[in-house]
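Colleague: next one to model:
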Amino acid sequence: MDLPPLELDTLRIAIGLADTGDLTAAGRLLGVGRRTAAARIAQLERRIGAVLFDHAGRTVRPTAAGDVFIAEIRLSLAAAERAARLARAMADRAETIGIGVTDEAMLGPLRDLFEDPAWIEAGFAPALHHGPLSDQMAALAEGRLAMVFAAPPLPPHPRIQHRQVAASKWSALVPDAEARLRKTASLSNLARKPLVMLDRDKAALAHDGVLAALQATGTAPYVAQVADSWVGVAAMVSLGLGSALVPSVVAKRLAVTGATVLPLVEAEGLPAWTISCLWLPQPAGTAAAEAIALAKTRLG
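Modeller: The predicted structure is shown next:
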């Protein structure tokens, strides 16, 4: 005998219960009471043929089977939401392209893309969404964004694809008073001075690579200040709080009174600063599919 299909509302209650550990809170998400939510979960477990939740403690917790089930259901519901958005986009042929961008990527290759004649001719209107990578990945998986620009490391995802679209060398950003003494900067010179760095949480690979290159000069670098964005890094340098290593593509787009960009010499040990574009495959003929194809072709 065929089993009845799983109801989306019941699946959402299950996800809510996994997130909150409370039947009342899970039911409230769907506008039902605790008793109804409990009945839905019991019905779901009978339908699946496995115990999904452990009710023994003060809070309800997923069992091992529940963890696997909830993880797959999250992906399935995100795919369903994305399918609906894609259908609406195909029907409307919307030209607005949702693009996610993290702090460290804001001053990266986006300007090159938006100024590309092919992008302008296509009439794409970007709708930028700025925020943490975790939020951007969720929005991308749900179809609220067409693509995301971020610095590695990138979290794995079973469906999201990515490609490196920018690689930049580094420049030195120093207080104006320091720039009057020299026309170039070197790693050995910077390693002996207070440094301003981008927070490691924003771009771990770049942060660690810069520190390793500075340490290779034989001097232990002193990180005096940490900023959440490249604009913050530049502002701290302009206040005389230290010098910084900044991606050259970013440095040329930063104009801050009190800070000067100097060419960096003897910097072979520095890894390139990179930005990747992430996307989900889109149906052919949609504006999102064309925008993604253009970004992959023109950047990188």
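
Colleague: looking at the chain, which helix or strand is least sure?
Modeller: The helix or strand of the chain with the poorest confidence is helix 64-92; it has a mean of 79 (mean pLDDT, DSSP states H and E).

Colleague: what's the following helix or strand past that one in contact with?
Modeller: Next in sequence after helix 64-92, counting helices and strands by DSSP states H and E, comes strand 96-101. Applying Cβ atoms under 8 Å, 6 or more residues apart in numbering, the external contacts of strand 96-101 come out as 110, 124-131, 135-136, 139-140, 144-150, 287-288, 291. From N, CA and C alone the C-beta is placed, and that goes for glycine too.

Colleague: so which elements touch the helix or strand that comes right after strand 96-101?
Modeller: Where DSSP H and E defines the elements, the next helix or strand beyond strand 96-101 is helix 110-114. Packed against helix 110-114 by the contact rule (3 or more Cβ pairs under 8 Å, 6 or more residues apart in numbering; DSSP states H and E) you find helix 287-298.

Colleague: can you pull up the most central residue in this protein?
Modeller: residue 133 (2.2 Å; Cα atoms, centre = their mean).

Colleague: can you pull the pLDDT of that one?
Modeller: pLDDT recorded at residue 133 is 88.

Colleague: what are the boundaries of the helices in the protein?
Modeller: 8-20, 23-29, 34-48, 64-92, 110-114, 117-122, 133-141, 176-179, 187-191, 204-215, 230-238, 248-251, 287-298 (DSSP state H).

Colleague: need the ones you listed in a markdown table with distance to residue 101, can you?
Modeller: Formatted as a markdown table, the helices of the chain follow (distance: least, Cβ to Cβ, whole Å):
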| stretch | distance to residue 101 |
| --- | --- |
| helix 8-20 | 27 |
| helix 23-29 | 30 |
| helix 34-48 | 38 |
| helix 64-92 | 19 |
| helix 110-114 | 7 |
| helix 117-122 | 15 |
| helix 133-141 | 8 |
| helix 176-179 | 30 |
| helix 187-191 | 28 |
| helix 204-215 | 16 |
| helix 230-238 | 12 |
| helix 248-251 | 13 |
| helix 287-298 | 12 |
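
Colleague: mean pLDDT for those: which is lowest?
Modeller: helix 64-92 (a mean of 79).

Colleague: tilt between it and helix 8-20?
Modeller: 120 degrees (axes from the mean of the first three to the mean of the last three Cα atoms, to 10 degrees).

Colleague: what is helix 64-92 packed up against?
Modeller: Helix 64-92 packs on helix 8-20, helix 133-141, helix 287-298, going by 3+ Cβ pairs under 8 Å, 6+ apart.

Colleague: other residues contacting the shortest one?
Modeller: It refers to helix 133-141. 75, 78-79, 82, 98, 100-102, 129, 145, 147-148, 150, 154-155, 157, 159-160, 278-280.

Colleague: show me which of the residues you listed are buried.
Modeller: Buried members of the contacts of helix 133-141, counted by 16 or more other Cβ atoms under 10 Å: 78, 82, 98, 100-102, 129, 145, 147-148, 150, 160, 278-280.

Colleague: residue 240: which of those residues is nearest?
Modeller: Nearest to residue 240 among the buried ones among the contacts of helix 133-141 is residue 102, at 28.1 Å by Cβ to Cβ.

Colleague: residues in contact with that closest one?
Modeller: 130, 131, 132, 133, 136, 148, 149, 150, 151, 202.

Colleague: quick one: it from residue 19, how far?
Modeller: 24 Å (Cβ to Cβ, to the nearest Å).

Colleague: equivalent analysis for residue 172, please.
Modeller: 46 Å.

Colleague: those two: who's more crowded?
Modeller: Per other Cβ atoms under 10 Å, whichever of residue 172 and residue 19 has more neighbours is residue 172, with 26 against 13.

Colleague: now do that one, the pLDDT please.
Modeller: 92.

Colleague: residues in contact with it?
Modeller: 184, 185, 190, 243, 244, 245, 246, 261, 262, 263, 264.

Colleague: for it, list each beta-bridge partner.
Modeller: residue 245, residue 262 (DSSP bridges).

Colleague: from now on call the first residue 25
Modeller: Okay, residue one is now 25; in that scheme the one you just asked about reads as residue 196.

Colleague: can you tell me how far residue 83 is from residue 290?
Modeller: For residue 83, the distance to residue 290 - Cβ to Cβ - is 57 Å.

Colleague: so between the two, which is more surrounded?
Modeller: Taking other Cβ under 10 Å, residue 83 and residue 290 do not tie; residue 290 has more neighbours (13 against 10).

Colleague: the nearest residue to that one once chain neighbours are set aside: neighbour count?
Modeller: Using Cβ to Cβ, 6 or more residues apart in numbering and skipping the chain neighbours, the partner closest in space to residue 290 is residue 210 (4.7 Å). The tally of other residues near residue 210 (other Cβ under 10 Å) stands at 16.

Colleague: thanks a lot, see you next time.
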